[in-house]
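please find the sequence and the predicted model below.
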Amino acid sequence: MNKPYNFNAGPAGLPLEVLLQARDELLDFRGTGLSVTEISHRSKQYEEINFETQQLLQELLDVPSGYEVLFLQGGASTQFAMVPINFLTDGRVAGYIHSGTWSGKAIAEAGKVGKIVIAASSEADRYKKVPEVQGVSFRSGMAYVHLTSNETIAGIQYRDFPDTGDIPLIADMSSDILSRTFEVSNFALIYAGAQKNMGPSGVTVIIIRRDLLDGIPDNIPDILNYRIHAKNRSLFHTPPVFSVYMVNLVLKWIRNNGGVEGMERRNRLKADLVYGAIDDSGGFFGGLADRNSRSMMNVTFRVYNDEQEKLFLRQAELNGFVGLKGHRDAGHLRASLYNAVTYEQCKALADFMRHFQQSFG
Ligand code: PMP
């Protein structure tokens, strides 16, 4: 089978080993004679998947003991609403860091629920870099501060996170969770859709500090209440069984391939290859993000003129590269280099870029 070089932004490529195992187990899940999609979520087998997957995440991300790991549905977009519904209560104010399209969506949803302030923004820089947060003093008494660790569309990523002191820091890590090490204890809540670094779409991972659960009001719908999901260990209602199963396989694959540190080492080399092809091109290719904010996950770039860029996309497709067209909000080109994208695939892309420049530049 000739698999394309997959640079899709999400849903994104999955490790081949994981797909093969899922194929092998699809009709008979570990001797049950049934597919994993056909067994009860109350069964011993599914409970095992659920708890094992939670443990794997705790292990891989070194999650301290005072945190819960939850598997919810509705994508990261539901988290844009759930975060303020649970925590923007009693007339309090939340601080949002505005770094691009996805934080903008989180801000819009929170604004429907309560009062927010923009604590930092890179709008004036047209989101080519992440807003400066070192040294920003956050108003005490804020309900929380929210940021997006990696803006998937603009291709910008935080290296260091702000110190918000006693104010709970909440992060959307949808497009870079498990791609690099970080201290979970600096955050009160982390959320991430699975479909980039963890598995297929359909499940969203939440890592939440347990003490936050106590203050959640009782009068919000149960399905949107983190405390209810934590109390039921993510089995409050029918979970996305197949997606959690796939996340389980991907996490084992990460564990077998050097853990998060191994992913980070490889991701740096992969990003260096593609940014290298941009930087060595003498202006034929141009990166869209400021150098200091460049994302290791989403490389956004352009070809110096629109006609050449269209030709680049056509030629790329003919040569087996998929997913290189940028998001409609940012335009141009984007190569997403999530964990499952191999070094060899990135090398092939960098070589193709150099070859294209030699032929058409
Ligand atoms: N946040 C970020 C950073 C994203 O990249 C995305 C999806 N691309 C979302 C949120 C929205 O996720 P979902 O489509 O799962 O709701």
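Perfect, I can see it now.

up against the ligand, what does the chain have?
Taking Cβ under 6 Å from any ligand atom as the contact definition, the chain meets the ligand at G10, G75, A76, S77, W102, T148, T152, D172, S174, S175, G193. C-betas here are computed from N, CA, C, even on glycine.

confirm that the fifth one sits in a helix.
Yes: W102 sits within a helix when classified using DSSP: H, G, I helix; E, B strand; the rest coil.

ok, it - contacts?
By Cβ atoms under 8 Å, 6 or more residues apart in numbering, the contact list for W102 reads A76, T148, E151, T152, I153, D172, S174.

how far does stretch 4-13 stretch from start to finish?
Using Cα to Cα, to the nearest Å, the end-to-end distance of stretch 4-13 comes to 10 Å.

can you list the buried residues in that stretch?
By 16 or more other Cβ atoms under 10 Å, the buried positions in stretch 4-13 come out as Y5, N6, F7, N8, A9, G10, P11, A12, G13.

just give me the closest of those to the ligand.
Nearest to the ligand among the buried residues of stretch 4-13 is G10, at 5.1 Å by Cβ to the nearest ligand atom.

longest helix in this structure, by residue count?
helix 259-279 (DSSP state H).

against which helices or strands is it packed?
helix 241-256, strand 285-287, strand 298-303, helix 343-360 (3 or more Cβ pairs under 8 Å, 6 or more residues apart in numbering; DSSP states H and E).

any low-confidence regions in the stretch 251-361 of the chain?
Across the stretch 251-361 of the chain, nothing is flagged by pLDDT under 70.

one more time with 90, if that's ok
Counting by pLDDT under 90, the ranges of the stretch 251-361 of the chain that qualify are 327-331, 360-361.

then the stretch 51-200 of the chain?
Applying pLDDT under 90 to the stretch 51-200 of the chain flags the ranges 134-140.

which parts of it are strands?
Along the stretch 51-200 of the chain, counting by DSSP state E, counting those that start in this stretch, strands occupy 67-72, 93-98, 115-121, 145-148, 150-151, 156-157, 169-172, 189-193.

quick one: closest of the helices and strands packed on helix 259-279 to I220.
helix 241-256 (24.3 Å; Cβ to Cβ).

list the buried ones in the closest one?
Within helix 241-256, the residues scored as buried using 16+ other Cβ under 10 Å are 241-254.

tell me how far whatever residue of the stretch 51-200 of the chain ends up closest to the ligand lies from G286.
Closest residue of the stretch 51-200 of the chain to the ligand, Cβ to the nearest ligand atom: G75 (2.6 Å). Distance, G75 to G286, using Cβ to Cβ, to the nearest Å: 32 Å.

these two: which is more packed in?
Ranked by neighbour count (other Cβ atoms under 10 Å), G75 and G286 place G75 first, with 17 against 14.

residue contacts, the residue lying closest to that one once chain neighbours are set aside?
Closest residue to G75 apart from its sequence neighbours, by Cβ to Cβ, 6 or more residues apart in numbering: G193 at 5.1 Å. The contact partners of G193, taken as Cβ under 8 Å, 6+ apart, are G10, G75, A76, S174, S201, V203, T204.

what about 7 Å?
G75, A76, S174, S201, T204 (Cβ atoms under 7 Å, 6 or more residues apart in numbering).

in ChimeraX, select just the buried ones from these.
Paste this into ChimeraX to select the buried members of the contacts of G193, with burial taken from 16+ other Cβ under 10 Å:
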select :75,76,174,201,204
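
CSV for the contacts of G193, including distance to I107?
Converted to CSV, these look like this (distance: Cβ to Cβ, whole Å):
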residue, distance to I107
G75, 17
A76, 14
S174, 16
S201, 23
T204, 19
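
what bridges to the closest residue to G331 other than its chain neighbours?
The shortest distance from G331 to any non-neighbouring residue, by Cβ to Cβ, 6+ apart, is to R302 (7.9 Å). For R302, the beta-bridge partners under DSSP bridges are G286.

show the pLDDT at the residue of the stretch 201-350 of the chain found nearest the ligand.
The minimum distance from the stretch 201-350 of the chain to the ligand, using Cβ to the nearest ligand atom, falls at S201 (6.2 Å). pLDDT recorded at S201 is 98.
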